[in-house]
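Novice: Return a 3D structure for these sequence lines:
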Amino acid sequence: MESLFRRACRLNRRAFLRGGLGALAGSLLPVSALAGVPSDLFVMAFALDDVISLDPAELFEFTGAEIAANIYDRILYFDSSDVQKIVGGVAESWDVSDDGRTFRFGIRSGMRFHSGNDVTAEDAAYSLQRLVLLNKAPAFIFTQFGFTAQNVRDRIRAADPQTLVIETGQVFAPSFLYACLTAACASVVDKKTAEAHAENGDFGNRWLRTHSAASGPFSLRIWKPSELIILDRFDNYWRGEPAMRSVFIRHIAEPGVQRLLIERGDIDVARNLNPDQVVAIKDKPELRPDYARKGSLYYLGLNQKNAHLRIPEVRKALKYLVDYDGITSTILRGTAEIHQTVIPAGYLGALDERPFSLNPGEAKRLLAAAGLEGGFSVTIDVRNTRPDLDVAQSLQASFAQVGIALRIIQGDGKQVLTKYRARHHDIYLGRWGPDYQDPHSNAQAFASNPDNSDAGEVKTLAWRNAWDIPELTKMTDAAIHERDRAARIADYEAIQRRELDDSPFVILYQEVELAVERADVRGFVLGPSFDTVYYRGVTKV
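Specialist: Numbers count the residues shown, from 1 in each chain. Take a look at the predicted model:
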């Protein structure tokens, strides 16, 4: 296929060479002005610096999951208009045995991988097996069902080419397993292609970090870390071929640059504009803002290895040193809602309790009770993009009111995440999105830590912040086995209240994602979660 650079230059050489994204981001593959962009090329500016891997068994970052959602098909999906409703993906039918332990999935016939290979139950089983066997970051989503390296090949298997069988060691609510099969890590990988690129028994992991072996609407052509991602249309996609022949995503972290490019017509969609910029362009008929409330939460993680932050009164004091109203009404205007519990609004059992507000007097009282009335010094790790830096500066100012010197350490998404995952931070300003549409995704992340040692294998957010909570871990784990809906709701409400009272997490707000589109763009889907942003329906009219 003709390269995007050669093709676009042929159409509008002068427009390509005049600047735009090429001049701003290294000119590897410059993007033309709107007049020269082919009608079947979709161009988007986005902060891509958090992408570490594109292997579904390894990726555990927001942007990587979004890209994978447009490359791979998952075993199941949830309805974007009703997250509690499960719909088919690679599996077109499913049921569970009377004893609640054996699940059978009928694999959709006629599906093909990009390689031309048939999509079979063997591929689906292999994809879940390699997830458990590789034991990368997202593996816990399925190991929590009792799957291990020793039993996974027996318990997850293909009964025949069109039937996937999953046997759980214990009884779980069926809706919980189905929800997990909508996660990015339940993407179906082409076994033959992955194994053809396997090295030393890695199930193709090293190769799949930067390549794809999928059946989704697009295939991965190229990923240049912190530069660009290019996807190519899969003409034989089972839902129908996308209108866009190629998707070109350029890493542009600065919102001001994104605004310039969207106004000039150099891009079709800008993903990181701030609220003030949206207000400034509201009267431009050629541009259109698009909003979607997400399940994602922004929060502070307080490392319990820090001698000051492990004091309960200090943890609570910091919850009174956030200007929740000011941040959401100014810095994040229209793109966030105040939310202070660990289960997002709209999920089963979510609480709408907001006991904290900016109250330096109460914070001072708590610090005095901790013997720290003079304050202390501490660092915060933050991604070097907006609005994260603005939020960190707001925290710096409010912390200073009680003598806490907050030093901001900036880094790109990959650097900050790597440090956080190694438990080397003091305070971390981050974003967490549910891996599947069930309250347990967040409850497990924030309220479960089976092994608090540095060698612990289940690296939840509680583990990352060294919060040792054996009793709360048992309570959280028990909730997934409760089949009575009302009782399960009560369990998650209790978990959230414990978090509010005593946890090392300061939940700041729930995300409302914003994208600005050119008026001729149709069919771009933001969706209710970070991994339900879809490009396959995009057209230009």
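Novice: mind listing the helices for the stretch 151-300 of the chain?
Specialist: Along the stretch 151-300 of the chain, counting by DSSP state H, counting those that start in this stretch, helices occupy 152-155, 174-180, 191-196, 205-208, 255-264, 275-280.
Novice: Pull the contacting residues for the most centrally placed residue in the chain.
Specialist: The centre of the chain sits closest to Phe62, judged by CA atoms, centre = their mean, with a distance of 3.0 Å. Shown in contact with Phe62 (CB atoms under 8 Å, 6 or more residues apart in numbering): 50, 296, 431, 433, 530-531. All C-beta spots, glycine's among them, are computed from the backbone N, C-alpha and C.
Novice: try 6 Å
Specialist: Applying CB atoms under 6 Å, 6 or more residues apart in numbering to Phe62 gives the contacts Phe530.
Novice: mind checking how far it is from Arg108?
Specialist: Counting by CB to CB, to the nearest Å, the gap from Phe62 to Arg108 is 28 Å.
Novice: before we move on, back to that, of all the helices of the stretch 151-300 of the chain, which one comes closest to Tyr126?
Specialist: Closest approach to Tyr126 among those (CB to CB): helix 191-196, 4.2 Å.
Novice: which residues sit against the closest one?
Specialist: By CB under 6 Å, 6+ apart, helix 191-196 touches 115, 117, 123, 126, 203-204, 213.
Novice: which among the residues you listed end up buried?
Specialist: By neighbour count, with 16 or more other CB atoms under 10 Å, these hold 117, 123, 126, 203-204, 213 as buried.
Novice: List just the nearest of these to Val378.
Specialist: Closest to Val378, out of all of the buried ones among the contacts of helix 191-196 and judged by CB to CB, is Phe203, at 41.4 Å.
Novice: Not including adjacent chain positions, what is the nearest residue to that closest one?
Specialist: Nearest residue to Phe203, sequence neighbours excluded (CB to CB, 6 or more residues apart in numbering): Arg130, at 4.1 Å.
Novice: thinking the one you found is in contact with Ala57, fair?
Specialist: Yes. Look at Arg130 against Ala57 with CB atoms under 6 Å: they come within range, at 5.4 Å.
Novice: hmm, which helix or strand of the protein has the shakiest average pLDDT?
Specialist: Within the chain, confidence by mean pLDDT, DSSP states H and E is lowest for helix 4-17 among all helices and strands, at a mean of 37.
Novice: what's Ser39 sitting at in phi/psi?
Specialist: Note on Ser39: backbone dihedrals following degrees, to the nearest 10 are phi -70, psi -20.
Novice: residues touching it, list them.
Specialist: Shown in contact with Ser39 (CB under 6 Å, 6+ apart): Lys540.
Novice: got the contact list for Pro56?
Specialist: 68, 72, 184-185, 187.
Novice: which pair in the residues you listed spans the largest distance?
Specialist: Farthest-apart pair in the contacts of Pro56 is Tyr72 and Cys185; separation 10.1 Å (CB to CB).
Novice: picking that back up, just the ones of the contacts of Pro56 in strands?
Specialist: The strands, defined by DSSP state E, take in nothing from the contacts of Pro56.
Novice: can you give me the strands for the stretch 151-300 of the chain?
Specialist: Taking DSSP state E, counting those that start in this stretch, the strands of the stretch 151-300 of the chain run over residues 156-160, 163-167, 218-224, 228-233, 246-251, 269-270, 287-302.
Novice: Determine the angle, from 0 to 180 degrees, between the fifth one and helix 255-264.
Specialist: Using axes from the mean of the first three to the mean of the last three CA atoms, to 10 degrees, the interaxial angle of strand 246-251 with respect to helix 255-264 works out to 150 degrees.
Novice: Kindly report the same for the last one.
Specialist: With the same axes, to 10 degrees as the criterion, the two stretches strand 287-302 and helix 255-264 enclose an angle of 160 degrees.
Novice: Which of the residues in whichever helix or strand comes after strand 287-302 are classified as buried?
Specialist: Going down the chain from strand 287-302, the next helix or strand is helix 312-319, by DSSP states H and E. Buried residues in helix 312-319, counting neighbours by 16+ other CB under 10 Å, are found at 314-319.
Novice: Out of these, which is nearest to Glu373?
Specialist: Scanning the buried residues of helix 312-319 for proximity to Glu373, where the rule is CB to CB, the winner is Ala317, at 10.8 Å.
Novice: got the contact list for that closest one?
Specialist: The neighbourhood of Ala317, defined by CB under 6 Å, 6+ apart, consists of 363, 366-367.
Novice: Of those - the most surrounded one?
Specialist: Leu367 (27 neighbours; other CB atoms under 10 Å).
Novice: Help me confirm that that residue is found in a helix?
Specialist: Yes. Counting by DSSP: H, G, I helix; E, B strand; the rest coil, Leu367 falls inside a helix.
Novice: Excluding chain neighbours, what is closest to it?
Specialist: Going by CB to CB, 6+ apart, Leu367 has Ala317 as its nearest residue, at 5.2 Å.
Novice: What separation do you get for that neighbour and Val416?
Specialist: Between Ala317 and Val416 the distance is 24 Å, computed by CB to CB.
Novice: that older thread, quick check, pLDDT for the residue nearest to the centre of the chain.
Specialist: pLDDT for Phe62: 86.
Novice: Pro434 now?
Specialist: Looking at Pro434, its pLDDT stands at 88.
Novice: how near is it to Tyr320?
Specialist: 27 Å.
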